[in-house]
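>>> sequence plus predicted model, see below.
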Amino acid sequence: MLRWSSRGALRAAAPLFQGASRSRFAAAPAAFRHVTTRSEQPAPSAGPSFLADPDHAHDGADPFQGPPFDLTYDRPHAYRHPATQRKLCSLGTGEVVHILSFEAKDEDHVEPFERVVQRIAFELHDMEAGVSDVRVCHPRCGEAAFVVTVVSSFESAKFEEHIAPRITAALSPFVTQGRAAFNRKGTLMPQAHSLSSLLGFLQANVGGRHHSDHDVAAVRHELAKWFPRREEYERFVHWDPHHPTKYTRNIVFRNEHMECLLMCWPPGARSSIHCHDESSCFVAAVEGEVVEVQYQLPKMDKQFFKREATNPTGAIGRCGPLRATHVSTIGKEGGPSETYANNELGIHSIENRTSEPAITMHVYAPPLQKMKVFRQAPSGDYSIATVATVKYMSDRGEKTGDWGRCTDPDGVIDVKAWNRVDEVVAET
């Protein structure tokens, strides 16, 4: 049980909403109220709440007279949003905007209408608990619109249940049909990128030859604002018809500073554990969900670096143990929608552990020319590293012709050399 009471926010005048408070919101209470215990008493007030009791709001000559109102109600221990399909506004803060617009009946009711509107506006502006923003629009005398933004759908429900009816009741004697001329609510829409605007931002802001040459935080911020629409990226979606668990790499955009790839992950698909050379790797969920496992970059033996110097895209060697440092699900409802990696932070792998296909957008800056691929040797005692070039199934929607039955999406690997190293390790 919760009791809402005044904390002395309005000592000089009767509050329209008993329980108005300057304190910040607790996580679950209703809008415009402060949580107190039953032992706390309301602070002295010059008069009762105008909207506290609609039945008495207009008794007598002074519409501001009426008995005090103390709201007590049961609150559930937990609140869960129902599972819904991903919507544009899911990228936003979760705030909900309520708009109530009123018009005076006629010229004779303008003056009392204005008095009540002024009082409501005063107290709405004084509210902080559960409210993130208040605007009152006054087009002309006899018209007013209240625009109140609350912090969550839970607070929105409480606003509709307890506050909006009192605003309406306070103004009903003076307005057309006794109710709001316009009454709507909606989730606050965020600024969200289309695919074209996101690519425009990336082209203008991503440059250089190393992951330290661009503002990683800014790119991640903008990437998280992308709302993927199927019609924008559908032509980049290609699946491998020969291998039901092989992921594909599809170029969306590429220049000297970066490349954007759409990767399509069938159920059970997984990448190797790999690094990103000198590039940034930004990953954003498009459809479904994938799991990212991050690892420390292991130490590699001197023989590997010696081979790499003469064979940059075919060196084979040994490295230290692969130690996982973090596991996260990208694209799951309520979870992160993007992630980031570079070699200073570590290496990673991506996999689809669900029974549904998944699609991700990867931005490599600069474009990824080669990468080291890591795995555990069959003996289980050693990890192996190689440098590989990468292939693409499609380029800007068109098949490249470079993708065949034997194509490995993780790159071109000298399988014989790889196996020979395994054999040496096993014999050691």
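Arrived safely, thanks for sending. Numbers count the residues shown, from 1 in each chain.
>>> only C-alpha atoms for contact and neighbour calcs from this point on.
Fine.
>>> low-scoring stretches of this protein, by residue?
Along the chain, the parts satisfying pLDDT under 70 run over 1-86, 381, 411-428.
>>> mind telling me which residue is nearest the centre of it?
The central residue of the chain, meaning the one whose C-alpha is nearest the mean C-alpha position (CA atoms, centre = their mean), is Leu91 at 4.2 Å.
>>> can you pull the contacts of it?
Going by CA atoms under 8 Å, 6 or more residues apart in numbering, Leu91 touches 190, 192, 224-225, 227.
>>> separation between it and Ser172?
Distance, Leu91 to Ser172, by CA to CA, to the nearest Å: 37 Å.
>>> quick one: list the elements packing against the lengthiest helix in the chain.
In the chain, assigned by DSSP state H, the helix with the most residues is helix 110-126. Taking 3 or more CA pairs under 8 Å, 6 or more residues apart in numbering; DSSP states H and E as contact, the helices and strands that helix 110-126 lies on are strand 131-137, helix 164-171.
>>> what does the following helix or strand past the first one rub up against?
It stands for strand 131-137. Using DSSP states H and E, the helix or strand that directly follows strand 131-137 along the chain is strand 143-150. Outside strand 143-150, the residues within contact range by CA under 8 Å, 6+ apart are 31, 95-104, 117, 121, 130-138, 156.
>>> tabulate the CA atom coordinates of strand 143-150 in PDB.
As requested, the backbone C-alpha atoms of strand 143-150 are provided in PDB (Å, rounded to 0.1, in the frame of the first residue of the first chain):
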ATOM      1  CA  GLU A 143      -8.100  27.700 -25.300                       C
ATOM      2  CA  ALA A 144      -5.300  25.700 -23.600                       C
ATOM      3  CA  ALA A 145      -3.400  22.500 -24.200                       C
ATOM      4  CA  PHE A 146      -1.500  20.600 -21.500                       C
ATOM      5  CA  VAL A 147       1.500  18.500 -22.800                       C
ATOM      6  CA  VAL A 148       2.800  16.300 -20.000                       C
ATOM      7  CA  THR A 149       5.600  13.800 -20.500                       C
ATOM      8  CA  VAL A 150       6.000  11.000 -17.900                       C
END
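>>> tell me the strands beside it, with direction?
Partners of strand 143-150 in the sheet, by DSSP bridges, are strand 96-103 (antiparallel), strand 131-137 (antiparallel).
>>> list the buried ones in the last one?
Within strand 131-137, the residues that qualify as buried are 131-134, 136, counting by 16 or more other CA atoms under 10 Å.
>>> can I get the strands paired with strand 143-150 in a markdown table including distance to Ala218?
Formatted as a markdown table, the entries for these read as follows, by distance: least, CA to CA, whole Å:
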| stretch | distance to Ala218 |
| --- | --- |
| strand 96-103 | 26 |
| strand 131-137 | 25 |
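>>> between these, which gets nearest to Glu231?
Between Glu231 and the strands paired with strand 143-150, the shortest separation by CA to CA is 28.3 Å, and it involves strand 96-103.
>>> what is the orientation angle of that closest one with helix 164-171?
Strand 96-103 and helix 164-171 meet at an angle of 10 degrees, taking axes from the mean of the first three to the mean of the last three CA atoms, to 10 degrees as the criterion.
>>> now do strand 96-103: distance to the chain's middle.
Taking CA atoms, centre = their mean, to the nearest Å, the mean C-alpha location of strand 96-103 is offset from the chain mean by 27 Å.
>>> please save the CA atoms from that strand in CSV.
These are the backbone C-alpha positions of strand 96-103, laid out as CSV (Å, rounded to 0.1, in the frame of the first residue of the first chain):
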residue,chain,number,x,y,z
VAL,A,96,5.0,8.8,-22.7
VAL,A,97,3.5,12.1,-23.8
HIS,A,98,0.0,13.1,-22.8
ILE,A,99,-1.8,15.9,-24.7
LEU,A,100,-5.1,17.3,-23.4
SER,A,101,-6.6,20.3,-25.1
PHE,A,102,-9.6,22.3,-23.9
GLU,A,103,-11.8,25.1,-25.2
